[in-house]
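Trainee: Provided below for reference: sequence and predicted model.
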Amino acid sequence: MNDPRILGIGTANPPLRLTQEQSFHAAGYQGERIRKIFLNSDIDYRHFYLEGALNREESSDQLNQRYLRGAMKTGCQAILDYVTSARTTLLDVDFLAVCTCTGYACPDVGSRLIAHMGFSNRIQRASIIGLGCAGALPTLQRAVDFVRANPGRQALMLAVEICSACYYVDNTLETIVGNAICADGAFSATHRARGGMAGTKLQNNPLTIK
């Protein structure tokens, strides 16, 4: 057997938590029609990575730098949460795949996390950028592919977004809905493939991406 299994998961959110009513006002919208879209989203509250007071006048460079700082901090927290969940260490990770679409950095977020957090110097990595809301699925697929090809080795996937760093405000329905549902946070999961191991078994041929 060579079935990939989830060994542990981790999640993290920035500390600032706003209700949907507060998010509506923070975004700078006005009008009852848009307010109803926010309040009818079936979301009670969301988390945002802000540094001090809300600043609607941030330049594109300032937004991207806030994205990078938020992605690093929130991503680190999610990974550390996974380490506790899986009862493992960063040195046990053989492959790191990171997906994100709300900012851009070179070197990428994954490379920075490897150096910052002290992963093994043998680790392999994949940077999956710009795939939008569905980006976590092909990232999970890359992790599954790695552990299937390398039984007994661990793959860690991280999805991290700082959506507040790419918000803009207009009155189009697409923008309003995006601002009403997207927020900041990170999710990580680690996988390993070996017959008979404990863990959550994944379906055969999971997440086939064409």
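Mentor: Cool, got the structure. Numbers count the residues shown, from 1 in each chain.

Trainee: residues of stretch 77-88 that come out buried?
Mentor: Neighbour counts over stretch 77-88 (16 or more other CB atoms under 10 Å) mark 77-79, 81-83, 85-86, 88 as buried. No exception for glycine: its C-beta is placed from N, CA and C like everyone else's.

Trainee: would you turn these into TSV with distance to V98?
Mentor: As requested, the buried residues of stretch 77-88 are exported to TSV (distance: CB to CB, whole Å):
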residue	distance to V98
Q77	14
A78	11
I79	10
D81	16
Y82	13
V83	16
S85	18
A86	17
T88	18
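
Trainee: for this structure, which segments count as strands?
Mentor: For the chain, strands defined by DSSP state E occupy the ranges 4-12, 16-19, 45-48, 93-100, 124-129, 154-162, 184-193, 200-201.

Trainee: buried residues in the third one?
Mentor: Translated: strand 45-48. For strand 45-48, a neighbour-count test (16+ other CB under 10 Å) marks 46-48 as buried.

Trainee: between those, which sits nearest C99?
Mentor: H47 (18.6 Å; CB to CB).

Trainee: what about the closest one, distance to H191?
Mentor: 26 Å (CB to CB, to the nearest Å).

Trainee: equivalent analysis for I162, please.
Mentor: On the measure of CB to CB, I162 and H191 end up 25 Å apart.

Trainee: go on, A180?
Mentor: The gap separating A180 from H191 is 33 Å, by CB to CB.

Trainee: same question, R148
Mentor: For R148, the distance to H191 equals 9 Å [CB to CB].

Trainee: joint contacts of the two?
Mentor: Taking CB atoms under 8 Å, 6 or more residues apart in numbering as the contact rule, R148 and H191 both touch P4.

Trainee: more neighbours, those two?
Mentor: H191 (24 against 15; other CB atoms under 10 Å).

Trainee: please name the bridge partners of the more buried one.
Mentor: Beta-bridge partners of H191, counted by DSSP bridges, are I6, A155.

Trainee: what do you get for I129?
Mentor: T100.

Trainee: which stretches in the protein count as helices?
Mentor: Secondary structure of the chain by DSSP state H: the helices cover 20-27, 32-39, 60-86, 109-117, 136-149, 173-181.

Trainee: where does the protein have low pLDDT?
Mentor: Residues of the chain meeting the criterion pLDDT under 70: 1-2, 194-210.

Trainee: ok, now with 90
Mentor: Along the chain, the parts satisfying pLDDT under 90 run over 1-7, 26-30, 52-58, 84-88, 130, 132-134, 166-171, 190-210.

Trainee: follow-up on the earlier one: between the buried residues of stretch 77-88, which sits nearest H116?
Mentor: For those, the residue nearest H116 by CB to CB is I79; the value is 10.2 Å.

Trainee: pretty sure the closest one is touching M117, no?
Mentor: Yes. With contact defined as CB atoms under 8 Å, I79 reaches M117; the gap is 6.6 Å.
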